[in-house]
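S.K.: how does the following fold in three dimensions:
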Amino acid sequence: PIFAAEDAPVVANLRSAGAIFIGRTNAPAFSMRAFTDNALHGRTYNPLDKGVTPGGSSGGAGAAVATGMGAIAHGNDIGGSVRIPAYCNGVVGLRVGLGRVPAFNPTATSPRPIGSLLMATQGPHVRTVRDARLALSVMAKSDPRDTRWVDAPLVGPAPPRPLKVAIAPVIPGGFTHPTQSEAVRRAGRHLAAAGYVVEEMLPPDIEEVVGIWYTIGMGDVFRTLGPTIEKYAEPNAITSLRHWFAITPPPNDPTAVLDAYARRDLCLFHWQEFFQRHVAVVMPTLCDLPPPVDQDL
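M.R.: Numbering: from 1, shown residues only. This is a model prediction of the structure:
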């Protein structure tokens with residue numbers, strides 16, 4: 001095993017603020033499942049229902065916060081690894097934008113693919129929004145080892161009023177569970193009661209964004225990670241990976257990944273324009289209920 005000789009930026013920032021570390025939380029092998037189980041430590045239970053996944057990859061973090069083991073847990077997210085455990089365990093997860101929280105792996109021995117550089121971010125699991133604000137203010141402090149860190153203020157100028165919020169109760173391209181849709185609409189009613197102008201509408205390019213992620217994920221991120229999982233991971237992680245490849249195979253043409261990066265950049269423009277008019281968008285984390293344990297197998 002490789003042991004780090006120095007703290008990563010998130011750990012260093014929390015430690016400097018006086019955080020008391022009590023342990024490391026469980027994750028699936030190579031952090032590429034929404035089901036937190038591995039051959040070394042076994043399965044993490046969802047504290048709300050043992051038959052349901054606690055999410056992944058930061059499922060141990062979400063479950064630990066939900067059960068009160070600690071006030072703040074650290075997760076990282078490239079395709080939902082902070083958001084999904086928060087949703088499954090009923091806690092607050094904050095997946096920030098690129099450059100908000102510094103990241104650096106002192107034990108890294110191989111280069112990261114471009115998709116990971118652009119999409120992987122660090123964030124907290126907590127029980128309240130107030131704690132999320134506190135955790136972010138600490139985790140987001142600078143670290144010279146991450147050249148992508150951005151010195152952006154956590155509090156900016158007040159946006160023009162009235163404050164508009166978009167809600168998307170149903171996501172096109174697949175099934176949205178009625179419970180999810182009603183939860184989004186209920187959030188909209190709460191926001192309207194608080195004085196926000198609530199509009200039911202989709203953010204731009206929503207279906208294209210999903211497709212772009214899979215093109216980049218399967219064509220770039222898994223290009224090197226996939227063979228590593230096949231070589232070193234346990235059978236369940238390998239089975240899950242193979243199903244993933246069967247459902248969304250990588251593109252045959254390598255230029256398709258480059259085109260996906262270009263389309264992603266254009267979608268970012270559209271979303272930034274969208275957020276000039278709306279301070280937030282409310283939508284499901286997953287469109288279905290939290291899946292039962294090992295559904296991906």
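S.K.: which ones are touching Ala187?
M.R.: Applying Cβ atoms under 8 Å, 6 or more residues apart in numbering, we find Ala187 in contact with Ile167, Val282. Where C-beta positions appear, they are placed from N, C-alpha and C, glycine not excepted.
S.K.: which helix or strand lies directly C-terminal to whatever helix or strand it lives in?
M.R.: Per DSSP states H and E: Ala187 is located in helix 178-193. Once the chain leaves helix 178-193, the next helix or strand it forms, by DSSP H and E, is strand 197-200.
S.K.: show me what counts as buried in the helix holding Ala187.
M.R.: For helix 178-193, a neighbour-count test (16 or more other Cβ atoms under 10 Å) marks Gln180, Ser181, Val184, Arg185, Ala187, Gly188, Leu191 as buried.
S.K.: residue contacts, the fourth one?
M.R.: Read it as Arg185. Ile167, Pro169.
S.K.: tell me how far the helix holding Ala187 is from the chain's mean position?
M.R.: Centre-to-centre, helix 178-193 and its host chain are 22 Å apart (Cα atoms, centre = their mean, to the nearest Å).
S.K.: where does the stretch 1-150 of the chain have low pLDDT?
M.R.: For the stretch 1-150 of the chain, the stretches flagged by pLDDT under 70 are 1-2.
S.K.: in it, which spans are helices?
M.R.: 9-16, 59-66, 83-89, 114-119, 129-139 (DSSP state H, counting those that start in this stretch).
S.K.: what residues sit buried inside the longest helix along the chain?
M.R.: The longest helix of the chain (DSSP state H) is helix 255-277. Applying a neighbour-count criterion of 16+ other Cβ under 10 Å, one finds Val257, Ala260, Arg263, Arg264, Cys267, Trp271, Phe274 buried in helix 255-277.
S.K.: let's have the residues you listed in a markdown table, adding pLDDT and distance to Val293.
M.R.: As requested, the buried residues of helix 255-277 are exported to a markdown table (pLDDT from 0 to 100; distance: Cβ to Cβ, whole Å):
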| residue | pLDDT | distance to Val293 |
| --- | --- | --- |
| Val257 | 97 | 33 |
| Ala260 | 98 | 32 |
| Arg263 | 98 | 35 |
| Arg264 | 97 | 33 |
| Cys267 | 98 | 34 |
| Trp271 | 97 | 34 |
| Phe274 | 97 | 37 |
